[in-house]
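Asks: model this:
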Amino acid sequence: MSNNYPKYEKYAKYEKGKKLSLYERFGVFFQNAKRIIKIANKPGRKDYFLVFKICAIGILVLGLLSYAIQLVFTLLNSVLGIR
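Replies: Residues are numbered from 1 along each chain as shown. Predicted coordinates:
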């Protein structure tokens, strides 16, 4: 990872051990969200295609696994004569 990203300690206005009020916790949350949005960037076409391939492979593996399980139980039921 690059060293260009701002450090978290730079944005912390509150002491670490101090119990924060609800208002202060919302403030810290929005400061952190603002920092993340500031450093985030839009993924490119290559990244989208990689995510698509990973999801497609996962769906294919789960489909094949469920088909194999269904086939095994169908064969067991016919051999044992349960139905």
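
Asks: what packs against the lengthiest helix in the chain?
Replies: Longest helix in the chain, counting residues (DSSP state H): helix 45-80. Contact analysis of helix 45-80 by 3 or more Cβ pairs under 8 Å, 6 or more residues apart in numbering; DSSP states H and E lists no helix or strand as a packing neighbour. Where C-beta positions appear, they are placed from N, C-alpha and C, glycine not excepted.

Asks: and that helix, average pLDDT?
Replies: Mean pLDDT, helix 45-80: 95.

Asks: One more: stretch 29-41?
Replies: 90.

Asks: Mind exporting the C-alpha coordinates of it to PDB?
Replies: Included here for stretch 29-41 are C-alpha records, laid out as PDB according to Å, rounded to 0.1, in the frame of the first residue of the first chain:
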ATOM      1  CA  PHE A  29     -18.000   8.200  12.500                       C
ATOM      2  CA  PHE A  30     -18.600  11.000   9.900                       C
ATOM      3  CA  GLN A  31     -15.000  12.100  10.100                       C
ATOM      4  CA  ASN A  32     -13.900   8.500   9.400                       C
ATOM      5  CA  ALA A  33     -16.400   8.200   6.600                       C
ATOM      6  CA  LYS A  34     -15.200  11.500   5.000                       C
ATOM      7  CA  ARG A  35     -11.600  10.300   5.200                       C
ATOM      8  CA  ILE A  36     -12.400   7.000   3.500                       C
ATOM      9  CA  ILE A  37     -14.400   8.600   0.700                       C
ATOM     10  CA  LYS A  38     -11.600  11.100   0.200                       C
ATOM     11  CA  ILE A  39      -9.000   8.300  -0.400                       C
ATOM     12  CA  ALA A  40     -11.300   5.900  -2.200                       C
ATOM     13  CA  ASN A  41     -11.100   5.600  -6.000                       C
END
